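S.K.: Next input, structure requested:
(chains A and B, ligands or ions: 2)
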Amino acid sequence: MPKNIDEYLIEKGLFITAISSVVIILLIIVFIFWEGYPAILNIGFFDFLFGMEWSPSNDLYGIFPMIIGSLAITGLSLLMAIPLGIFCAIFMAEIAPKQMRKILRPTIQTLSGIPSVVYGFFGLIVLVPFMRVQFGGTGFSMFTASIILTVMILPIIVSVSEDAIKSVPSEYKEASMALGATHWQTIKNVLFPAAIPGIITSIILGMGRAIGETLAIIMVAGNVVQIPSSIFDPVRALTSNIAIEMGYATGIHYNALFATGIVLIFMILVLLVIANYFHYKKKVTVGGGYL
Amino acid sequence: MEYRIEVKDLNVYFDELHILKNVSLKIHKNMVTALIGPSGCGKSTFIRTLNRMNDLIDTFKMDGDVLLDGKDIYDPKVDVVELRKRVGMVFQKPNPFPKSIFDNVAYGLKVHGITDNEVITEKVEESLKSAALWDEVKNILDKSAMGLSGGQQQRLCIARTIAVEPEVILMDEPCSALDPISTTKIEDLIHKLKKDYTIIIVTHNMQQATRVSKHTAFFLHGEIIENGPTDKIFIEPCDKRTEDYITGRFG
Ligand SMILES: Nc1ncnc2c1ncn2[C@@H]1O[C@H](COP(=O)(O)OP(=O)(O)OP(=O)(O)O)[C@@H](O)[C@H]1O
Ligand SMILES: [Mg+2]
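M.R.: Residues are numbered from 1 along each chain as shown, chains lettered A, B, ... in the order given. Ligands and ions are numbered 1, 2, ... in the order given. Just a heads-up that it's a prediction; the model follows:
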């Protein structure tokens, strides 16, 4: 019998909680594979992944345009969000006066709590008409979706990067300033490189949110299944595909949507592995530091 | 006698806390001045005022004059970056950048706009030699500085500081984290450097103060109680509190 029954119960309780959340996630994944697997068998792995046509009424289930759609929307939004987010984080961590920081921080945190349907609605009512007037077409496009996504992932990139910059030991900053480096030289040569692991983490988190985002994208991306030839073309993302067609899909169509989910899971997995690889590799070669 | 630094009626506050009270001190040129005093009496705050490091702290406020070669360093027209180039600093805890040994020393040169690689390489070697570190690291210049021992790291920090050729070097307990052998090396180094540099060293080690310094100032609760030639302070202090402190009877 353990000496301290309270300790024992708390430890076991925590263990059970941890295990059950892992088990639930595993069960969901097993279920998705279970439902999606027949579609991949039936359609054929290559025809499914690299097929150019998605037309359930004609029994054509190729998701390649949507893979490209998801990657393109995510890539474009990261392209905008990474520099914006990093500069914003540097500003908040190093340059903004205390009072301004006190206002900015909670504002940005609030932004990350707004439900995605609100962003989507804003995009639909404000951004889509604006794009229609500015660039022609319907206004529903990959670019419009990327802008909305940028706004959605900025808060996470900014706040996680800001924390990373702030947690760089102040000794490094002092050492650099004491050598007669300017504030900006110190930021560029010492603070930023030392914060890179945290900044990469913020980008991974932002990327994960971007790939997984559904509702806001459905509302502004136009959802046409095609490989976009310009950023003003409408596109459909993998997530949108599932959400749009889930309500009425039956048979192989239904399974194909689950298979789309499997592809999404793998995409996120691969991105995570790549990101972690860089993260880890850098750590090893520079011996604990990132400068 | 020539003075490099003159501090007149310096008061330092962090928020409402009055840390340094009417401190006045003259620092001789090309000489080592030791600052001694119990923990928390304001020695670090004092030397951080001399290169305006305290400016990085939001709550810092000061009044009084700090003159370097007769010019007020808190004059709004003063270029702080330029000032810090002239007044270098070695910190209590060795704090090399997590970069290579070479890059640590080259850092200051690069931020001052020196781009000629030959000049940089030469200067790095010269500084590491002056800091008595060259022989130990000449074959591992591209290795991370984090792999060095504490004493080596501190000498690297000294090398990094002298590479930019300051006129004054502030040392805040540079040996507090080091073993006796490394301490001896750094003291030898101070002896070597003192003919070219004005050095101010904070130390908790009374023997060290007598070994390296010509002039000593005793701080207590943010005030300078006594200052004068080191010999005099340690052999016949004027103030009872100084005597209590250096003989270890301080409560
Ligand atoms: N950033 C700060 N904000 C508020 N108070 C501070 C700050 N830095 C130092 N102090 C206070 O100023 C006083 C003097 O500190 P300082 O570090 O100068 O002492 P010290 O003589 O160097 O001590 P030690 O020998 O332990 O290093 C202490 O009471 C300390 O709490
Ligand atoms: Mg101190």
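
S.K.: secondary structure element for residue A:174?
M.R.: helix A:170-178 (DSSP states H and E).

S.K.: which residues are in contact with that helix?
M.R.: A:183, A:185-186, A:189-191, A:194, B:51, B:53, B:56, B:84, B:88-89, B:91, B:93, B:95-98, B:107, B:111, B:157, B:160-161 (CB atoms under 8 Å, 6 or more residues apart in numbering or on different chains). Where C-beta positions appear, they are placed from N, C-alpha and C, glycine not excepted.

S.K.: Residue B:10 reaches residue B:18, doesn't it?
M.R.: No. In this structure, residue B:10 is not within contact of residue B:18 by CB atoms under 8 Å, at 11.6 Å.

S.K.: who's in contact with the residue of the stretch 101-250 of chain A found nearest chain B?
M.R.: Of all residues in the stretch 101-250 of chain A, the one sitting closest to chain B is residue A:180 (3.4 Å; CB to the nearest CB). Taking CB under 8 Å, 6+ apart, we find residue A:180 in contact with B:81-82, B:84-85, B:108, B:111-112, B:164.

S.K.: ditto for residue B:195
M.R.: Applying CB under 8 Å, 6+ apart, the residues near residue B:195 are residue B:30.

S.K.: Tell me the predicted confidence for it.
M.R.: For residue B:195, the model assigns a pLDDT of 87.

S.K.: same thing with residue A:285?
M.R.: Value listed for residue A:285 in the pLDDT field: 38.

S.K.: Looks to me like residue B:27 is in a helix.
M.R.: No. Residue B:27 is assigned strand when assessed by DSSP: H, G, I helix; E, B strand; the rest coil, not a helix.

S.K.: helix, strand or coil for the closest residue to it other than its chain neighbours?
M.R.: Spatial nearest neighbour of residue B:27, excluding adjacent residues (CB to CB, 6 or more residues apart in numbering or on different chains): residue B:5 at 3.9 Å. Assigned with three-state DSSP, residue B:5 falls in the strand class.

S.K.: Any idea what residue B:5 is bridged to?
M.R.: Beta bridges link residue B:5 to residue B:27, residue B:68, judged by DSSP bridges.

S.K.: So the closest residue to chain A within chain B: helix, strand or coil?
M.R.: Nearest to chain A, among the residues of chain B, is residue B:98, at 2.0 Å (CB to the nearest CB). Of the three states, residue B:98 takes coil under three-state DSSP.

S.K.: still on that earlier bit, who are the neighbours in contact with the residue nearest to residue B:27?
M.R.: B:25-27, B:50, B:66-68, B:168, B:198, B:200.

S.K.: go on, residue B:189?
M.R.: Residue B:189 sits in contact with B:130-132, B:155, B:158, where contact means CB under 8 Å, 6+ apart.

S.K.: Max pairwise distance over those: which two?
M.R.: Farthest-apart pair in those is B:130 and B:155; separation 9.8 Å (CB to CB).

S.K.: Which one of the two is surrounded by more residues?
M.R.: Shown here are residue B:130 and residue B:155; by other CB atoms under 10 Å in any protein chain shown, residue B:155 has more neighbours (28 against 18).

S.K.: Could you tell me which other helices and strands the helix or strand harbouring the more buried one packs against?
M.R.: Taking DSSP H and E as the criterion, residue B:155 maps to helix B:150-163. With contacts taken as 3 or more CB pairs under 8 Å, 6 or more residues apart in numbering or on different chains; DSSP states H and E, helix B:150-163 sits against helix A:170-178, strand B:87-90, helix B:101-111, helix B:117-130, helix B:134-137, strand B:168-172, helix B:180-193.

S.K.: same thing but 6 Å
M.R.: Helix B:150-163 sits against strand B:87-90, helix B:101-111, helix B:117-130, with contacts defined as 3 or more CB pairs under 6 Å, 6 or more residues apart in numbering or on different chains; DSSP states H and E.

S.K.: Using TSV, lay out these together with mean pLDDT and distance to ligand 1.
M.R.: As requested, the helices and strands packed on helix B:150-163 are exported to TSV (pLDDT from 0 to 100; distance: least, CB to the nearest ligand atom, whole Å):
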stretch	mean pLDDT	distance to ligand 1
strand B:87-90	94	13
helix B:101-111	94	24
helix B:117-130	92	27
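
S.K.: Out of those, which one sits most buried?
M.R.: Using mean count of other CB atoms under 10 Å in any protein chain shown, the stretch among the helices and strands packed on helix B:150-163 with the largest mean neighbour count is strand B:87-90, at a mean of 25.

S.K.: where does chain A dip in pLDDT?
M.R.: A:1-3, A:278-291 (pLDDT under 70).

S.K.: okay, residue B:10 and residue B:18: which has more neighbours?
M.R.: Shown here are residue B:10 and residue B:18; by other CB under 10 Å, residue B:10 has more neighbours (22 against 13).

S.K.: Show the pLDDT at that one.
M.R.: On the pLDDT scale, residue B:10 gets 94.

S.K.: Just say helix, strand or coil for the closest residue in space to it that isn't next to it in sequence.
M.R.: Among residues not flanking residue B:10 along the chain, residue B:64 sits closest, at 3.7 Å (CB to CB, 6+ apart). Local secondary structure at residue B:64 is given as strand here, using three-state DSSP.

S.K.: now swap in residue B:18 and tell me
M.R.: Going by three-state DSSP: residue B:18 is strand.

S.K.: Next, the residue of chain B closest to chain A: phi, psi?
M.R.: phi -70, psi 60 (degrees, to the nearest 10).

S.K.: so residue A:157 sits right up against residue A:86, yeah?
M.R.: No. When contacts are counted by CB atoms under 6 Å, residue A:157 is not listed as touching residue A:86 (7.4 Å).

S.K.: okay, these two: which has more neighbours?
M.R.: Set side by side, residue A:157 and residue A:86 show more neighbours around residue A:157, with 28 against 20, by other CB under 10 Å.
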